[in-house]
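K.L.:
Need coordinates for the following:
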Amino acid sequence: MATTQEPEHLRITYNDVHNLIRDSAKKVAEFKPDMLIAIGGGGFFPARVLRTFLKSPERKGNIPIHAIGLSLYESLPGLTAEQMGAEVIRTQWLGPESGKILLGRRALIVDEVDDSRKTLHYAVTELQKDVERELALLPEAERDAKRTQFAVFVVHNKLKPKLAELPPEIPYYAGDEIEDVWLDYPWEAVDIEEHDRLAEEAKAKKARRTQAQQQQHQS
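P.N.:
Predicted coordinates for the structure are as follows:
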């Protein structure tokens, strides 16, 4: 009987996330977001760190962070096994007047990883629908000025075929492009010290392997 091979795990530390966001912030700042929309739960920590690096003397106060909850792989009450991984479930939204909150804003959607792209596609599509419904209530001459500009930032983008696409006009930023491996983020860890230890152990092992390969090429 064939056994299912355990996928390769890559443990990400808080410092890894912080540094990737710091290195990406200058590029993201070119979009000039005036609101962040964190996709929960993985987008919460990245959004908060990103806000620190997006501080600007041109802006008074911090960029507000709003939250939406979307689930693709989480087991939720009433969710069938067939729906998990296939259907995006909305668990939290901006509120009944989402469109009014978004009108005229430059909204940056933040998540930890772009895997299949289904979650990001859902977020962008549904938020745009909210905006369009609100725009339809305005005089036609005012609509273009009030149309929301969206962009997307993810800490990691997996280099794999996507199951959905984003509109080509939406700016897209990724802290790092990685292979299709299983990512273990620190906010999912119960024992953070053990998580960090294993992460550092894996980095050291990778460094030794790279050094050995370089020495082999030189010999």
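
K.L.:
ok, and for the helix or strand residue 206 falls within, which residues are buried?
P.N.:
Element membership for residue 206, per DSSP states H and E: helix 192-218. For helix 192-218, burial by neighbour count (16 or more other C-beta atoms under 10 Å) applies to 195, 196, 198, 199. No exception for glycine: its C-beta is placed from N, CA and C like everyone else's.

K.L.:
Check stretch 34-45 too.
P.N.:
Neighbour-count burial for stretch 34-45 [16+ other C-beta under 10 Å]: 35, 36, 37, 38, 39, 41, 42, 43, 44, 45.

K.L.:
now do the same end-to-end measure for that stretch.
P.N.:
Chord length of stretch 34-45, first to last residue, is 18 Å (C-alpha to C-alpha, to the nearest Å).

K.L.:
Same check on stretch 178-196?
P.N.:
End residues of stretch 178-196 are separated by 19 Å (C-alpha to C-alpha).

K.L.:
contacting residues around that stretch?
P.N.:
Residues from elsewhere that reach stretch 178-196 (C-beta atoms under 8 Å, 6 or more residues apart in numbering): 7-14, 17, 41-42, 44-45, 112-113, 156-160.

K.L.:
10 Å instead, please
P.N.:
6-17, 41-42, 44-46, 112-113, 115, 155-161, 197-199 (C-beta atoms under 10 Å, 6 or more residues apart in numbering).

K.L.:
roughly how far is stretch 183-198 from the heart of the chain?
P.N.:
Its chain's C-alpha centre and that of stretch 183-198 lie 19 Å apart, by C-alpha atoms, centre = their mean, to the nearest Å.

K.L.:
Hmm, residue 68 and residue 88 touching each other?
P.N.:
No. Using C-beta atoms under 10 Å, residue 88 is not in contact with residue 68, being 11.0 Å away.

K.L.:
who touches both of those two?
P.N.:
Contacts common to residue 88 and residue 68, judged by C-beta under 10 Å, 6+ apart, are 122, 123, 126.

K.L.:
Which single one of these is nearest to residue 171?
P.N.:
Ranked by distance to residue 171 (C-beta to C-beta), those are led by residue 123 at 14.7 Å.

K.L.:
quick one, what contacts the residue lying closest to that closest one once chain neighbours are set aside?
P.N.:
Of all residues not flanking residue 123 in the chain, residue 109 sits nearest, at 5.5 Å (C-beta to C-beta, 6 or more residues apart in numbering). By C-beta under 10 Å, 6+ apart, residue 109 lies in contact with 33, 35-39, 43, 47, 66, 68, 119-120, 123-124, 127, 150-154, 166, 170, 172.

K.L.:
what are the bridge partners for residue 158, then?
P.N.:
Beta-bridge pairing for residue 158 (DSSP bridges): residue 178.

K.L.:
Tell me how many other residues surround it.
P.N.:
19 (other C-beta atoms under 10 Å).

K.L.:
For this protein, which segments count as helices?
P.N.:
Taking DSSP state H as the test, the helices found in the chain are 14-29, 44-53, 98-102, 118-135, 140-146, 192-218.

K.L.:
now those in CSV, with mean pLDDT?
P.N.:
Formatted as CSV, these follow (pLDDT from 0 to 100):
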stretch, mean pLDDT
helix 14-29, 98
helix 44-53, 98
helix 98-102, 95
helix 118-135, 97
helix 140-146, 95
helix 192-218, 90
